[in-house]
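Enquirer: A predicted structure for the sequence below; I have some questions about it.
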Amino acid sequence: MTESILFSLFLIFAGAAVLATLMLYTRQSLLLAYIVLGLLIGPFGLRWVNNPDVIKQISEVGIIFLLFLLGLNLEPKRLINSLKKTTIVAIATALIFGAIGIAVGLVFRFTLAESIIIGVALTFSSTIIGLKLLPTTVMHHQHTGEMMISILLMQDILAILTLVIITGSHQGLSLFDFLHIALGLPALIFIAVVVERFVILKLFKRFSRYQEYLFLLSIAWCLSMAEAAAYVKLSYECGAFIAGITIANTPIARFIAESLKPLRDFFLILFFFTIGATFNVSLLPAIVLPALLLTGAVLLLKPLVFRFLLQSVGEKKSVASEVGVRLGQGSEFSLLLSYVAASGASAWLGSDAACLIQAVTIVTFMVSSYWVILHYPSPLAIKEALRRD
């Protein structure tokens with residue numbers, strides 16, 4: 001056990017480098033290396049990093065930057081057009097897998113509240129997995145990428161609303177607080193548009209030759225909007241996404257996106273490490289059967305359901321199939337949901353139910369990532385012919 005952040009970072013990144021090398025030699029996903037490392041040296045493994053709370057807080061910055069970069073790659077007009085089609089798909093998928101999760105939870109004698117949370121957690125797909133395995137130089141500007149990203153955004157909106165409700169129940173938010181949130185989102189978007197047009201854009205143009213300044217200003221804009229979102233009781237990720245999408249039309253959006261990728265990857269390695277480090281393997285025997293059922297439902301049924309629904313709204317079979325496979329896993333929001341719902345004096349989840357959500361999410365992360373890099377274009381593709389940056 002060590003309390004030194006520097007030594008913890010040394011263990012994490014040195015260990016990640018060793019395991020990542022092994023994964024590359026065996027043609028596995030690098031994400032697997034980070035999660036396995038957390039299992040090995042975290043509090044439920046060798047206990048070399050025994051208190052990952054600080055690392056977890058730092059890693060959450062990676063998600064903020066990821067949503068910021070997501071916004072940078074989407075023009076508002078194209079996003080609205082995509083959402084018109086995929087909103088129905090996202091909501092229908094949520095209803096189907098929510099029902100599956102609730103049914104399995106009740107069959108295995110979880111409480112109604114726990115079953116509902118399990119069902120909600122099952123509905124989301126991973127924004128991190130989806131985007132990390134999506135070639136940014138190719139598919140963000142193609143129809144397949146647009147469809148996938150717009151579905152993820154709709155799911156993120158549903159996830160944020162769920163987290164707000166659960167957090168509100170723990171904190172005792174009043175009706176006034178919920179109205180505050182409902183009014184805060186349009187107000188935040190309006191303020192972001194005004195500040196971007198009359199301040200940020202002018203600064204970008206005035207000092208465009210100073211790359212260090214552009215990098216600094218973009219980070220400041222991202223984190224400022226994240227804090228503003230938190231002030232109106234929205235999530236940091238929501239604010240970061242709004243910050244990104246407001247400057248997506250600027251000439252230097254591409255430069256900002258490329259500059260922030262190394263910083264994003266640094267934090268995301270920490271994020272996936274904490275997923276493994278906070279997973280209590282000793283609880284597995286108690287939830288192995290429902291975990292297998294839900295894992296199978298996600299890995300086998302999610303791609304099929306997405307394919308059917310996307311084809312029903314007019315998508316080509318090839319596009320619908322690829323989007324379904326890329327979204328065929330659990331979500332980091334599921335992990336966050338289990339953490340929030342299991343914390344506090346009025347926790348909605350017991351330890352077994354929380355472990356169930358974590359187990360399904362981690363296993364589907366691993367299997368789905370491997371399936372994508374084996375069959376589709378990706379920066380981490382196993383086949384050289386499929387490797388795209």
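Expert: It's in. Please read all numbers here as calculations on a predicted model, not as lab measurements. Residues are numbered from 1 along each chain as shown.
Enquirer: ok, and for stretch 290-300, which residues are buried?
Expert: Neighbour-count burial for stretch 290-300 flags 290, 291, 293, 294, 295, 297, 298, 299 (criterion: 16 or more other CB atoms under 10 Å). All C-beta spots, glycine's among them, are computed from the backbone N, C-alpha and C.
Enquirer: where helices are concerned, which of those count?
Expert: Using DSSP state H, the members of these that fall within helices are 290, 291, 293, 294, 295.
Enquirer: could I get the residues you listed as CSV with distance to residue 116 and pLDDT?
Expert: Shown next, in CSV, are these (distance: CB to CB, whole Å; pLDDT from 0 to 100):
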residue, distance to residue 116, pLDDT
290, 15, 95
291, 18, 94
293, 17, 95
294, 14, 95
295, 19, 96
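Enquirer: now do residue 378 against residue 325, distance only.
Expert: Distance of residue 378 to residue 325, computed by CB to CB, to the nearest Å: 11 Å.
Enquirer: which residues are in contact with each of those two?
Expert: Shared contacts of residue 378 and residue 325, defined by CB atoms under 8 Å, 6 or more residues apart in numbering, are found at residue 372.
Enquirer: compare the two (neighbour count), which wins?
Expert: residue 378 (23 against 20; other CB atoms under 10 Å).
Enquirer: ok, the nearest residue to residue 372 once chain neighbours are set aside to residue 125 distance?
Expert: Nearest in space to residue 372, with sequence neighbours left out and distances taken as CB to CB, 6 or more residues apart in numbering, is residue 133 at 4.9 Å. Residue 133 sits 12 Å away from residue 125, going by CB to CB.
Enquirer: neighbour count for these two, which is higher?
Expert: Neighbour totals were compared for residue 133 and residue 125, and residue 125 leads with 30 against 22 (other CB under 10 Å).
Enquirer: wait, that one touches residue 325, no?
Expert: No - applying CB atoms under 8 Å, one finds residue 125 not in contact with residue 325, separated by 10.7 Å.
Enquirer: returning to that earlier point: closest one of the ones in helices among the buried residues of stretch 290-300 to residue 24?
Expert: Proximity of these to residue 24 was ranked by CB to CB; the top entry is residue 295 with 25.7 Å.
Enquirer: which ones are touching that closest one?
Expert: Taking CB under 8 Å, 6+ apart, we find residue 295 in contact with 359, 360, 363, 364, 367.
Enquirer: who's in contact with the fourth one?
Expert: Remark: with contacts taken as CB under 8 Å, 6+ apart, residue 364 is in contact with 295, 298, 299, 328, 329, 330.
Enquirer: what's the closest residue to it other than its chain neighbours sitting at in phi/psi?
Expert: Nearest residue to residue 364 in three dimensions, chain neighbours excluded: residue 329, at 4.0 Å (CB to CB, 6+ apart). Main-chain dihedrals, residue 329, degrees, to the nearest 10: phi -160, psi 180.
Enquirer: same thing with residue 123?
Expert: Residue 123 adopts backbone torsions of phi -80, psi -20, taken as degrees, to the nearest 10.
Enquirer: please apply the same query to residue 378.
Expert: Torsion angles, degrees, to the nearest 10, at residue 378: phi -160, psi 150.
Enquirer: correct me, but it touches residue 129?
Expert: No - with contact defined as CB under 8 Å, residue 378 does not count as touching residue 129 (10.6 Å).
Enquirer: and after the helix or strand hosting residue 285, which helix or strand comes next?
Expert: Using DSSP states H and E, residue 285 falls within helix 284-296. On the C-terminal side of helix 284-296, the closest following helix or strand by DSSP H and E is helix 302-312.
Enquirer: burial measure for the nearest residue to residue 257 once chain neighbours are set aside, as a count.
Expert: Nearest residue to residue 257, sequence neighbours excluded (CB to CB, 6+ apart): residue 72, at 4.7 Å. Neighbourhood size, residue 72 [other CB under 10 Å]: 26.
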